[in-house]
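Participant: Here is my input, please return the structure:
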Amino acid sequence: MAHWVKIQYQRKEYVINLDFVNTFCYEKNGRVTFWLPNSNIPIIISPQNNWEDYQKIVTYLESIENLELDNSYWVTITYEKNKYVINLTCISSFCYEPNNRLTFWLPHLTTPMVINPVSNPDAHEKILHYLQQKTGYSFL
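Facilitator: Numbering: from 1, shown residues only. Sure, this is the predicted structure:
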């Protein structure tokens, strides 16, 4: 079932199928950022400036966090003081380092996400489980 929303952003109206968005970021200041599908364009929704659209996005996020389906595998990661909700099925490569850190690249960003098993054990374990389950490969 598609999750279409209509939002206002920078004096433009967008109709977006949120099921095609693969990464959401909760920022410290309360904003939620996500990137339009097949694009590098970020959409930044603030509860102070756009409460109605913000609620649409947060409600969707609450329904998908930690959801595991055939076409999606959502994981919540705290990274650089922000909370990311990421669909791991959209990640095309993972790197496991000798110090047990996991690195991957989001489709719309060039900066690597490095997950440390000490600082983020839940996300680290969930990613390892995902890799074993979906690819048959294990890093351990």
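
Participant: how near is residue 136 to residue 12?
Facilitator: 44 Å (C-beta to C-beta, to the nearest Å). The C-beta positions use only the backbone N, C-alpha and C, and glycine is treated the same way.

Participant: quick one: contacts for the nearest residue to residue 96 once chain neighbours are set aside?
Facilitator: Nearest non-adjacent residue to residue 96, counting by C-beta to C-beta, 6 or more residues apart in numbering: residue 139, 4.0 Å away. Counting by C-beta atoms under 8 Å, 6 or more residues apart in numbering, residue 139 makes contact with 96, 102, 128, 131.

Participant: Residue 130 now?
Facilitator: Residue 130 makes contact with 73, 75, 88, according to C-beta under 8 Å, 6+ apart.

Participant: which among those end up buried?
Facilitator: 73, 75, 88 (16 or more other C-beta atoms under 10 Å).

Participant: Filter the contacts of residue 139 down to just the ones in helices.
Facilitator: 128, 131 (DSSP state H).

Participant: so where's this protein shaky on pLDDT?
Facilitator: 1, 66-71 (pLDDT under 70).

Participant: and residue 7, what are its bridge partners?
Facilitator: Residue 7 has the following beta-bridge partners by DSSP bridges: residue 14.
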